[in-house]
Structures are given as C-alpha cells and as structure tokens.
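>>> A predicted structure for the sequence below; I have some questions about it.
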Amino acid sequence: MKTQMYKTIVKAIFTSDSVKQMKPTDFLFCSSDADKTDVIAGKHVDRILDPLKLQIQRLGYTFLSLSLPYSEISKQSCLYWSHSINRMFFRGAFLYKFFNKQNPHIDFSISIFRNVLSRTKPKAIFCIDTPAALCIAARELEIPIVEVLHGIGYRRVLDTWSRRSLDNLPTSIIAFDSISTKTFSEYFDGAIPVFQLEQHWNLQFINTVYEVLGVPTTKSSEVLNNKQHHVLFSMQFGNIENLEIIDSSENSAGLLIPDNVLRAVELTAGQVQWHFRLHPTQLHSVRHRKFRKKLEEALSPFENAEWQYSSRIPLPVLLSTITHHITLMSMLSYQAAEKGIPSLLMSPTLLPGSINSELFQDLFIEGKAKYLACDADSRQVIEWINSVEKVHFLNAQSNPQTIQDVISNFK
C-alpha cells in the first residue's frame with residue numbers, strides 16, 4: 001500500500017497541474033478515482049456525475065471537472081477533461097508540514113481549494129465524498145456546494161459526516177432513492193436540503209457516450225450466451241479477516257465467495273452462466289493483484305463462470321442480461337431491484353440482532369430479495385435460481401426532481 005502511495009506521489013510530482021488553465025464556469029464537478037471506474041473506449045466515465053454534466057450541458061450551462069487530490073485519473077483520460085491539482089497539493093502538504101502548522105492538512109487544503117474556486121467562480125459545486133476543506137472554502141466564498149451521494153440505499157449518514165460540524169458539510173444533497181432521501185432529510189432536519197433525482201446512469205446515457213466517442217453501441221461476447229439463466233455475484237470489498245463474514249474453506253478463503261456458491265457454479269454447468277463482478281477497488285488497485293489471481297484460479301475449472309468481462313462492462317449493460325443477483329450484502333441489490341432482478345443475500349451480519357440487520361429490509365418485505373446462509377446446501381442456491389424469475393419490480397419515481405430544480409434553489 002505504501003509503495004502505491006509513493007508511486008502516486010512521484011507521478012504527481014512529474015505530472016503538471018492544470019489549475020492555471022481553469023477559467024470561469026457555471027458549475028464545477030469534483031470527484032476521485034473511485035467514481036471513475038467504468039471505462040468506455042479507453043475513457044474513464046464517472047457514472048454519477050457525468051450524466052449530470054450532460055444534463056447541465058443540454059440546459060445551456062458550462063462546467064469544468066476537477067479530480068480531487070490523490071487522483072491518478074485526470075485530464076484527457078476522462079470522458080470529460082478533468083483538471084488535476086496533485087502537484088500543488090503535495091507541494092502544499094510538504095510546505096505546511098515543514099513549517100509545522102497546527103492543523104496542516106485542513107489549512108493548506110482550504111488554501112488550494114480557495115484558489116481553484118477564485119479562478120473558476122462557479123455558481124455551485126457538485127462533488128462526491130466532499131472534503132471538509134472544500135466545504136469550508138466554498139462556504140467562505142458563499143458558493144453552494146452539493147454532495148452527490150455515491151450510492152443508494154443509505155440507512156445511516158456517512159460516518160465522516162457525523163463527526164463534522166455543519167460549517168464543514170455541503171449546503172445541499174442529491175440522493176437517487178427514497179431510502180437515502182429519508183435518512184439524510186431526517187438526520188439534518190431541514191438544515192441541509194435533500195433533492196431526490198432520477199439516476200441517469202442507464203443504457204440511454206451509455207449509448208450517448210458510445211455515439212460521442214464513435215464506437216459501436218453493442219458488442220458481441222461469448223459470455224453473453226443463450227443459457228437460460230445469467231447469475232451475477234457482486235463481490236464484497238474487504239477481506240475475510242476484517243469483515244468476519246464467512247467461515248470459508250481453503251478453496252475460497254480470502255475471496256469472500258461462499259463455498260455453496262462455488263459448488264452451485266459447478267453443478268449448473270450447461271444451464272447457468274455465472275458472472276462475478278469485482279468491487280472497483282478490487283479490479284483496479286495494485287494491492288489487489290494477488291486477489292485477482294486467486295479469483296482466476298478459483299474460477300478457472302468452470303467453463304460457465306467469468307469475472308473479467310462482467311467487472312469491466314458498464315453495469316447497466318450487464319444488468320440488461322442478468323436474470324438473478326447473489327451477494328453477501330452489496331448495495332448493488334437496489335440497482336438490481338430497479339431492473340426487476342431478484343437478489344439472494346448471504347451475509348450473517350444481516351440477521352436480526354446483527355450489526356447490519358436494518359439493511360435491505362424493504363427488499364426482503366417486498367419480495368425483491370431473500371436471505372440464505374453461507375453454509376446452506378448448494379442445492380438451495382440452485383432451487384432459488386430455478387424458482388424465482390426476473391420481473392419488473394419497481395415503477396419509475398412518480399414525480400422525480402430534476403437538476404433544474406437543484407439549480408433553481410441556488411438563485
């Protein structure tokens with residue numbers, strides 16, 4: 001992990017920043033590498049912010065993108081050019097540490113973000129996982145700053161937020177589902193308004209990206225075959241030691257794949273195609289190289305299992321083919337439900353009285369998900385696949401707010 005950090009620092013030192021190229025704009029969008037994990041035709045796509053940028057553009061506004069400090073993905077590697085401030089950030093960190101300031105990280109970060117905002121003069125800022133320093137700088141300059149939630153199904157406010165004062169938080173929030181909207185609205189009790197928008201990371205947006213980049217909208221693949229069922233297993237980020245989720249044999253130790261799932265893969269050859277989708281960190285991080293090698297070894301005996309294609313293809317494209325979803329406790333279960341795909345959840349931490357017992361209760365109650373223990377017989381996994389069908393579970397939000405509603409709130 002330290003080696004990767006040093007590589008990032010060295011890369012930042014020898015890669016020039018583009019702050020001086022930043023001009024005044026209507027809106028500024030900020031995110032990190034974790035939000036640009038999808039790649040289309042060699043361009044990193046931000047599945048949360050890029051659809052909002054397209055909407056902003058169609059409304060006639062201008063915008064700039066900024067890669068948050070420590071990001072390696074920036075500039076022309078992104079779908080929309082993203083400015084870099086890494087060199088400025090590391091230089092500031094070094095100088096403030098050298099002069100031994102009392103709170104160096106916050107101090108120099110505020111100064112850098114204040115510089116960026118003074119140059120760009122945006123009407124508002126949209127950011128994912130908004131740093132406290134950016135909130136402070138934006139509030140000082142009286143610029144609205146909007147937190148765009150990274151995922152859906154939040155039943156708890158972000159841990160880091162509970163330790164921050166209101167002045168160190170965004171001025172408003174964009175959520176993409178009713179559960180998250182309710183959680184954040186009740187927590188802040190009107191102090192920070194919450195807008196619920198429709199999620200536009202869908203096939204229509206992806207096809208637009210294909211058109212802009214001049215690549216075919218559909219690609220044939222051997223893994224998208226004519227098998228009766230296509231089952232997606234969404235991988236859980238972390239490791240067995242710190243999650244303490246499953247008691248696994250040597251075959252899957254460290255992979256967080258229950259043995260009954262691997263046995264089900266073996267028993268369904270010819271009928272079911274299995275897709276194992278890695279968490280973005282597991283897919284891209286250098287320190288997870290051994291993890292990927294171990295996964296390849298675990299799945300190599302099975303002709304009906306793959307992970308490379310399903311981990312790299314945009315999720316909406318993959319979900320258009322998937323018939324069933326299995327996971328320990330991934331929030332991808334909500335995105336699956338939106339597409340009518342039933343989920344089987346297997347983490348014992350979801351059981352009554354356990355640490356995550358409040359999660360997914362709406363999906364369980366409405367029949368969109370079912371719980372099955374990690375040590376259950378593999379035949380129960382197969383029975384679930386054969387007995388539950390993909391349906392159109394959810395209706396679209398009846399009266400969704402739009403990005404224009406959010407913008408109007410700034411005036």
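Thanks, I have it. Computed from a predicted model, the values in this text were never measured in an experiment.
>>> drop to CA atoms for contacts and neighbour counts, all remaining ones
Noted.
>>> the helices in the stretch 251-400 of the chain, which residues?
Assigned by DSSP state H, counting those that start in this stretch, the helices in the stretch 251-400 of the chain fall at 259-267, 280-284, 289-299, 308-312, 315-319, 332-338, 361-365, 378-387.
>>> of all the ones you listed, which lies closest to residue 401?
Of all those, helix 332-338 sits nearest to residue 401, with 17.8 Å by CA to CA.
>>> from the contact counts, what lies against that closest one?
On a contact count with 3 or more CA pairs under 8 Å, 6 or more residues apart in numbering; DSSP states H and E, helix 332-338 meets strand 324-327, strand 343-345.
>>> residues making contact with the last one?
Residues lying outside strand 343-345 but in contact with it, judged by CA atoms under 8 Å, 6 or more residues apart in numbering, are 324-329, 333, 336-337, 368-372.
>>> quick one: which of these is nearest residue 146?
Distances from residue 146 to the contacts of strand 343-345, taken by CA to CA, are shortest for residue 333, at 25.7 Å.
>>> which residues sit in contact with the closest one?
Contacts of residue 333 by CA under 8 Å, 6+ apart are 325, 327, 343, 369.
>>> out of the residues you listed, who has the most neighbours?
residue 343 (32 neighbours; other CA atoms under 10 Å).
>>> picking that back up, out of the contacts of strand 343-345, the closest to residue 53 would be?
Nearest to residue 53 among the contacts of strand 343-345, with distances taken as CA to CA, is residue 336, at 24.5 Å.
>>> may I ask you to confirm that the closest one is in contact with residue 319?
Yes - between residue 336 and residue 319 there is a contact at 7.1 Å, judged by CA atoms under 8 Å.
>>> and which of the contacts of residue 333 is nearest to residue 164?
The closest of the contacts of residue 333, once distances to residue 164 are taken by CA to CA, is residue 327, at 32.3 Å.
>>> please report the distance of the closest one from residue 338.
16 Å (CA to CA, to the nearest Å).
>>> what number of residues lie near residue 38?
With other CA under 10 Å as criterion, residue 38 counts 18.
>>> quick one: it and residue 47 touch, right?
Yes - using CA under 8 Å, residue 38 is in contact with residue 47, at 7.2 Å.
>>> now for the two: what residues contact both?
By CA under 8 Å, 6+ apart, no residue touches both residue 38 and residue 47.
>>> helix or strand with the lowest mean pLDDT in the chain?
helix 240-243 (a mean of 37; mean pLDDT, DSSP states H and E).
>>> which positions within stretch 296-311 qualify as buried?
298, 299, 302, 304, 305, 306, 307, 309, 310, 311 (16 or more other CA atoms under 10 Å).
>>> now the two most distant members of these.
Among these, 302 and 311 lie farthest apart (CA to CA), at 17.3 Å.
>>> flag the shaky bits of the stretch 301-411 of the chain, pLDDT-wise.
392-399, 411 (pLDDT under 70).
>>> what of the chain?
The chain contains residues with pLDDT under 70 at 1-15, 92-106, 217-226, 237-255, 392-399, 411.
>>> please parse it into its domains.
2-198+400-408, 229-387 (automatic domain parsing).
>>> how far out from the middle of the chain is the first one?
I take that to be domain 2-198+400-408. Remark: domain 2-198+400-408 is offset 14 Å from the chain centroid, using CA atoms, centre = their mean, to the nearest Å.
>>> what's the answer for stretch 401-411, then?
24 Å.
>>> what does that stretch rub up against?
Here stretch 401-411 makes contact (CA under 8 Å, 6+ apart) with 52, 55, 56, 123, 124, 144, 195, 196, 197, 198.
>>> in the stretch 1-150 of the chain, which spans are strands?
27-31, 38-40, 43-45, 63-67, 82-84, 124-127, 145-148 (DSSP state E, counting those that start in this stretch).
>>> just send those strands back as a markdown table, with distance to residue 276 too.
Shown next, in a markdown table, are the strands of the stretch 1-150 of the chain (distance: least, CA to CA, whole Å):
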| stretch | distance to residue 276 |
| --- | --- |
| strand 27-31 | 26 |
| strand 38-40 | 16 |
| strand 43-45 | 21 |
| strand 63-67 | 29 |
| strand 82-84 | 30 |
| strand 124-127 | 30 |
| strand 145-148 | 28 |
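>>> let me have the helices and strands packed on helix 332-338 in TSV, extended by distance to residue 279.
Formatted as TSV, the helices and strands packed on helix 332-338 follow (distance: least, CA to CA, whole Å):
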stretch	distance to residue 279
strand 324-327	12
strand 343-345	16
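>>> of all those strands, which lies closest to residue 169?
strand 324-327 (32.4 Å).
>>> direction included, what does that closest one pair against?
strand 229-234 (parallel), strand 343-345 (parallel) (DSSP bridges).
>>> hmm, back to that, for residue 185, which of the helices and strands packed on helix 332-338 is the nearest?
Using CA to CA, those put strand 343-345 closest to residue 185, at 27.6 Å.
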